[in-house]
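S.K.: Turn this into a structure:
(chains A, B and C)
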Amino acid sequence: MQLSLSLEEVAQIVQAKEIRGRTAERVRGIGSLDTAKPGDLSFLGNAKYKPQVALTEASVVLLPPDYVGEPKANQAFLVLEKPSVGLARLCSRIEQLLWPKPAPGVHPTAIVAADAKVALSATIGPLCVIESGAAIGERTYVQAQAFVGRGARVGDDCWLMPRVTIETECVLKNRVRLQPGVVVGADGFGYEFIAGRHEKIPQVGTVVIEDDVEIGANSTLDRARFSHTVVGEGTKIDNLVQIAHNVVIGKHCIVCAQVGISGSTTIEDYVVIGGQAGLAGHLTVGRESKIDGQTGVNSDLDPRSFVKGSPCLPYNLEQRINVLRRKLPDLFRRVDALEDQLKKTSASA
Amino acid sequence: MQLSLSLEEVAQIVQAKEIRGRTAERVRGIGSLDTAKPGDLSFLGNAKYKPQVALTEASVVLLPPDYVGEPKANQAFLVLEKPSVGLARLCSRIEQLLWPKPAPGVHPTAIVAADAKVALSATIGPLCVIESGAAIGERTYVQAQAFVGRGARVGDDCWLMPRVTIETECVLKNRVRLQPGVVVGADGFGYEFIAGRHEKIPQVGTVVIEDDVEIGANSTLDRARFSHTVVGEGTKIDNLVQIAHNVVIGKHCIVCAQVGISGSTTIEDYVVIGGQAGLAGHLTVGRESKIDGQTGVNSDLDPRSFVKGSPCLPYNLEQRINVLRRKLPDLFRRVDALEDQLKKTSASA
Amino acid sequence: MQLSLSLEEVAQIVQAKEIRGRTAERVRGIGSLDTAKPGDLSFLGNAKYKPQVALTEASVVLLPPDYVGEPKANQAFLVLEKPSVGLARLCSRIEQLLWPKPAPGVHPTAIVAADAKVALSATIGPLCVIESGAAIGERTYVQAQAFVGRGARVGDDCWLMPRVTIETECVLKNRVRLQPGVVVGADGFGYEFIAGRHEKIPQVGTVVIEDDVEIGANSTLDRARFSHTVVGEGTKIDNLVQIAHNVVIGKHCIVCAQVGISGSTTIEDYVVIGGQAGLAGHLTVGRESKIDGQTGVNSDLDPRSFVKGSPCLPYNLEQRINVLRRKLPDLFRRVDALEDQLKKTSASA
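M.R.: Sure, this is the predicted structure:
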């Protein structure tokens, strides 16, 4: 990150109320109090880290008004009501530097079908392919080497990063952000076993991705058999996640990396699924449920369930069993001892 | 899916023997009896759903000749011997609409080496790269942005979807279908630990994919160390699956999403592997075996094995142990009680 | 592999000291002693396979000087001090045939920003995108359809295979090899839950990949929140691995396929992580630790730990518990029996 901001520029961006001390260093990075080095900016986001402020090597530190203490030599404190808000302002400035808004227009090397509809405010990057009948909305950025198939519709303010693939007829609503390599609309995995061979069941449905969804790098979402695989508004999906055909994910869910959700399973709103968890097909996971990492879900879950293990149990029970499991060697010894003792008792009786 | 078919068109496609009732709706989608809405076609595929026919909102319903009952207002029943066959006919028509057969030829933006052999009936999409010595068979469709490396051979009637990568010298036989982002022929993961460093073991073998194989989005298949990593005829592999070097998969297997198969393991014919299962290296899995989801296989499996758990056990034993596992808190209490009781007995003796 | 070498050519490449016997076959492949066929070369790499030499169908066999025995008709033995070194020489020759060094230069279809710095000795393949401010080092090969984002820096002698994505400002040092489809620098998965929605936490750090790292096909490495996600020198990562934001991996580690490492976890040097293992966030894994396949790590690990299971335990304990676990049906019967017996004892008392 080729960040380089003077103390004054930083003070202005974060909207500091007061500057204590001075530094000749330009801000070139951001770090936590304990890892920051000269040239870094740091911040006190949580009162429990207060003692670290006096020790930090950061050149600039964002602090709340109630912080008592003075900067070291060649160090500056920027005082503002909420350091975390100041930090967010700075990050958002850096984001603009890293990913400046591209100019609207279609790169001359992009292959856009004559009957595709690309909004005038949209940007189509180099070497993209936009097939026949596809539509790209206002201010949407289709980055380099992405593919938007026949009749697919991408809404407004979306960002498709390099090498994203949107297959035929799939739909992205607004403000959808797809990291590099995401595949939306691959065929569902459905076969009928006939005369010793797996015959393909046509997968002629689509995928619908609602507003404000983000999907991580190289994740895959399969098209439905007939109707729609759906990812609900505001849901965030991490990298290398597999969403099978006809899955319906509700609103504002969190799906961590390498999760797999099998066909026709429904996830209600506000569900959180930990990394590498696997869900069988045709299940319903009730709203606000939490599924721990590496968990295997084989049956429906009530709303607000919290489960762990493979096959899963209620979280607290699973944790308790895991503790007892470690005592199995001891338990076997105890049962051996009981048997011995009883044998002796019987013998002596 | 911009499907729009009149009742008469549908009747013709599914080869209906009889039309009962009428609908003004055009068929714009397909749904199960309980989820279909006006404008949808539905079907009675399994006699147990018969009661749903009277309740469905579908505009058109495919029914067998023995179904007794009349359509509602603005609803039509299409009667035919096997509704499932009619449905398959309709789906196959929709498939043609979604993915019309591309015209043969090489897109002007594709980079095809002068000495690559592309059949005249093949289609090479925009922005593909076909390297030196590669061969593409009759009627094969290499879709946008795919890569076929030096000397790779792709047979007849294959379909490589966008952004598929076939590395140097790998071989696809006929009717192979690869979903977007598949990588065939990445280096096997082999190193020797010499003087504190991992030195690469050259991976100079290839991958051979036999007839009628399908592989899901972003799955990866590594090239062999010397010889061939093989996927047998008719085997179907889901998304995000990892096939390591020198793995040999037999014919007509099913490998679900996110499975990982380690190096040099052999899978015999008709094996089914559930999602997220992991197999260690240098194993043999006997024919017709079933491996449950999330299972960990660390030893050879006899033909027709059915295993579950990590490390895996016979399915029924694992299920039984899982039931008993939940009773561990109770078992510990029972052993506590036995010890107490025996202490008292001893004391009183 | 269109390998075709005469006996004399092979003898020269492997630097054989002596040729015993003759074969008219040209060497067209390599195989182990038990699988090699006419036209294959094989080798005695481990003395325990000596009996296989007399049985092998290989046309050419590499043998150590102390091997006693004569070749069959139409078979040749090549004698050299270390057959494994000869084999390595042959493989390295085959590698040159499979992947000849590309000529330096930028392919006319690559899109290279005017202010990107590409070394004169580097090769940029067809349909690559190199964005503004990016730098490509000496002799580095950026293969077809790869993407190098704004300000990213790729060092010397790297090899980015087809469709690799390097996002904005990420850094690859020297001799880094990335298999097809790798994504370096996707956004970290960080959200704050505010007023019922997940608000994105900007991810403005980068990824730094040190010398001699290799990363497998379709693996994903997320950029740090502020600072750097790091992969240390000489570390080898397999396919479909997920490295979350702010993870720091030490030197000379091995990370097998489908492993997931959650945010801010630190892996020290010489750690080996088996396939499909998952690590929670904010942990430290001590140097030279081994984590078995499918293991779940939820707490810090001391140096030289060896763990297994989910949640993990020391390897030997976990193995012992797995043995006892299989005896649970028996243990429950034994406790039943004890209770019965004690009931009788009490009754008779």
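
S.K.: Now name the helix or strand holding the residue in the stretch 101-250 of chain A that chain C sits nearest to.
M.R.: Closest to chain C within the stretch 101-250 of chain A is A:Ala217: 3.8 Å, counting by C-beta to the nearest C-beta. C-beta: built from backbone N, CA, C; applies to glycine. According to DSSP states H and E, A:Ala217 maps onto no helix or strand at all.

S.K.: which ones are touching it?
M.R.: For A:Ala217, the contact set (C-beta atoms under 8 Å, 6 or more residues apart in numbering or on different chains) comprises A:179-182, A:239-240, C:165, C:183, C:186, C:220, C:222.

S.K.: which parts of the helix ranked longest in chain A are buried?
M.R.: Looking across chain A with DSSP state H, the single longest helix is helix A:328-348. The neighbour-count check on helix A:328-348 (16 or more other C-beta atoms under 10 Å in any protein chain shown) flags A:328, A:331-332, A:334-335, A:338, A:341-342, A:345 as buried.

S.K.: So which of the residues you listed reach chain B?
M.R.: Contacts with chain B within those, counted by C-beta under 8 Å from any C-beta of the partner chain: A:331, A:334-335, A:338, A:341-342, A:345.

S.K.: Contact residues of the stretch 1-150 of chain A facing chain C?
M.R.: Residues of the stretch 1-150 of chain A lying close to chain C (C-beta under 8 Å from any C-beta) are A:1-2, A:29-31, A:35, A:88, A:91-92, A:94-95, A:98-99, A:107, A:109, A:125-127, A:144-145.

S.K.: if we go to 6 Å?
M.R.: With C-beta under 6 Å from any C-beta of the partner chain as the criterion, the stretch 1-150 of chain A comes near chain C at residues A:1, A:30-31, A:91, A:94-95, A:98, A:126-127, A:144.

S.K.: and the residues you listed as CSV, adding neighbour count, pLDDT and secondary structure?
M.R.: CSV is the format used below for the residues of the stretch 1-150 of chain A next to chain C (neighbours: other C-beta atoms under 10 Å in any protein chain shown; pLDDT from 0 to 100; DSSP: H, G, I helix; E, B strand; the rest coil):
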residue, neighbour count, pLDDT, secondary structure
A:Met1, 21, 49, coil
A:Ile30, 25, 91, strand
A:Gly31, 19, 89, coil
A:Cys91, 18, 90, helix
A:Ile94, 20, 90, helix
A:Glu95, 14, 89, helix
A:Leu98, 22, 89, helix
A:Pro126, 21, 98, coil
A:Leu127, 29, 98, coil
A:Ala144, 29, 98, coil
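
S.K.: Stretch A:192-211 and chain B in contact?
M.R.: Yes: for stretch A:192-211 and chain B, the contact criterion (C-beta under 6 Å from any C-beta) is met by A:197-198, A:202, A:204.

S.K.: how much space between the residue most central in space within chain A and A:Val164?
M.R.: Taking C-alpha atoms, centre = their mean as the criterion, A:Asp238 is the residue nearest the geometric centre of chain A, at 3.5 Å. Noted for A:Asp238: a distance of 16 Å to A:Val164, by C-beta to C-beta, to the nearest Å.

S.K.: Closest one to A:Ala116 out of the buried residues of helix A:328-348, please.
M.R.: A:Ala116 has its nearest neighbour among the buried residues of helix A:328-348 in A:Leu328, at 62.9 Å by C-beta to C-beta.

S.K.: does the closest residue to that closest one other than its chain neighbours count as helix, strand or coil?
M.R.: Setting aside the residues directly before and after it, A:Leu328 is nearest to C:Leu324 in space (C-beta to C-beta, 6 or more residues apart in numbering or on different chains), at 4.6 Å. Following DSSP: H, G, I helix; E, B strand; the rest coil, the label given to C:Leu324 is helix.

S.K.: tally of neighbours for C:Leu324?
M.R.: A count of neighbours around C:Leu324, defined by other C-beta atoms under 10 Å in any protein chain shown, yields 15.

S.K.: Please enumerate the helices of the stretch 151-300 of chain A.
M.R.: Remark: no helices are assigned in the stretch 151-300 of chain A by DSSP state H, counting those that start in this stretch.

S.K.: ok so, going back, with distance to B:Ser299 and pLDDT added, can I get the contacts of A:Ala217 in JSON lines?
M.R.: Output for the contacts of A:Ala217, formatted as JSON lines (distance: C-beta to C-beta, whole Å; pLDDT from 0 to 100):
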{"residue": "A:Gln179", "distance to B:Ser299": "38", "pLDDT": "98"}
{"residue": "A:Pro180", "distance to B:Ser299": "39", "pLDDT": "98"}
{"residue": "A:Gly181", "distance to B:Ser299": "35", "pLDDT": "98"}
{"residue": "A:Val182", "distance to B:Ser299": "37", "pLDDT": "98"}
{"residue": "A:Asn239", "distance to B:Ser299": "32", "pLDDT": "98"}
{"residue": "A:Leu240", "distance to B:Ser299": "28", "pLDDT": "98"}
{"residue": "C:Thr165", "distance to B:Ser299": "39", "pLDDT": "98"}
{"residue": "C:Val183", "distance to B:Ser299": "35", "pLDDT": "98"}
{"residue": "C:Ala186", "distance to B:Ser299": "37", "pLDDT": "98"}
{"residue": "C:Thr220", "distance to B:Ser299": "32", "pLDDT": "98"}
{"residue": "C:Asp222", "distance to B:Ser299": "36", "pLDDT": "98"}
